[in-house]
Every structure is written in structure tokens, then in C-alpha cells.
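> 3D model of this:
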Amino acid sequence: MTTRNGAVFQLDAALDFLGRVGLARIEKHGLPLAQELRERIAALGYETLTPPGNPSPIVSFVHGRDRKALETELERERVMVTFREGGSQIRASVALFNNRSDVERLLAVLKALA
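Residues are numbered from 1 along each chain as shown. So this is what the prediction gives:
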């Protein structure tokens, strides 16, 4: 391609970055954090939808709390998740740029509302 629009350039840059970091390294970072998150959410009494040992950085669970109160607390703590199924479920995804403090902030909100 002789010319690049912004989207193609951004995609090329993202793929280049992922290639330099390495998919194995990304997986090694994210999967243990996601597994710990799933286990600790379950220990707080939330119904987890992501099965134990699932090789995915995504953790889904039923929160069973007031959605607005939960959204307010998550926003205050700068925790980004998505609400699913009419707002009754949360989908949290651990990515390359997340770390233990991100997981701890989400868990602190969930614990406070448990």
C-alpha cells in the first residue's frame, strides 16, 4: 500500500508493538492476573461465569448490586469494566497494560459492596 490512512497506520503500529513485546510474554503477564482476579472475586461471594482454569484474560461475573452505586465506585477508583446482560454482569479484562494495583482496585470496590 503506497498511502496510509490513520486507521491502517494505527493498526500497523499496534501489530508492530505486539510483535516486539511478544504474545507469549503478554499471555504470561495477563493470564495469572486474570486467574487470581477470578478466584478472589469468587472468594468474595460473587457468582463467576468464567470457569476455573479458563485460558483467557477475561473474567465475567454476576455482581448482584445496585448498578449505579457500583458504576460510581468503579469510576471513582478509575476501574474500567463493561456491564453486560442489562447491567447485571461485569466483564473485566486484564491486558498488557494492567498490573496488580489495577486488580486490587477492582477487588477493593467489590469487597466494599459485598
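> Let me know the pLDDT of the closest residue to residue 46 other than its chain neighbours.
Nearest-residue entry for residue 46: residue 61, 4.8 Å, with adjacent residues in sequence omitted and distances by CB to CB, 6 or more residues apart in numbering. Where C-beta positions appear, they are placed from N, C-alpha and C, glycine not excepted. Looking at residue 61, its pLDDT stands at 97.
> Please identify the buried residues of whichever helix or strand residue 61 is part of?
If you go by DSSP states H and E, residue 61 is part of strand 58-62. By neighbour count on 16 or more other CB atoms under 10 Å, the buried set for strand 58-62 is 58, 59, 60, 61.
> Next: stretch 32-48.
Within stretch 32-48, the residues scored as buried using 16+ other CB under 10 Å are 33, 34, 35, 37, 38, 40, 41, 46, 48.
> Now do whichever helix or strand residue 25 is part of and strand 58-62, the angle between them.
Taking DSSP H and E as the definition, residue 25 sits inside helix 23-43. Orientation check (axes from the mean of the first three to the mean of the last three CA atoms, to 10 degrees): helix 23-43 against strand 58-62 gives 20 degrees.
> next SSE after helix 23-43?
Using DSSP H and E, the helix or strand that follows helix 23-43 in sequence is strand 47-48.
> What strands line up against that following strand, and which way round?
Sheet pairing of strand 47-48 (DSSP bridges) gives strand 58-62 (antiparallel).
> Can you show me the CA trace of the strand it pairs with as CSV?
Extracted in CSV, the C-alpha atoms of strand 58-62 (Å, rounded to 0.1, in the frame of the first residue of the first chain):
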residue,chain,number,x,y,z
ILE,A,58,-11.5,-12.1,30.6
VAL,A,59,-13.3,-12.5,33.9
SER,A,60,-17.1,-12.3,33.9
PHE,A,61,-19.3,-12.4,36.9
VAL,A,62,-22.8,-11.5,38.2
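> Following element in sequence after it, please.
With elements assigned by DSSP H and E, the helix or strand that comes after strand 58-62 is helix 67-76.
> tell me what the helix or strand following that following helix is packed against?
Moving toward the C-terminus from helix 67-76, the next helix or strand (DSSP H and E) is strand 82-84. Helices and strands touching strand 82-84, by 3 or more CB pairs under 8 Å, 6 or more residues apart in numbering; DSSP states H and E, are strand 89-93.
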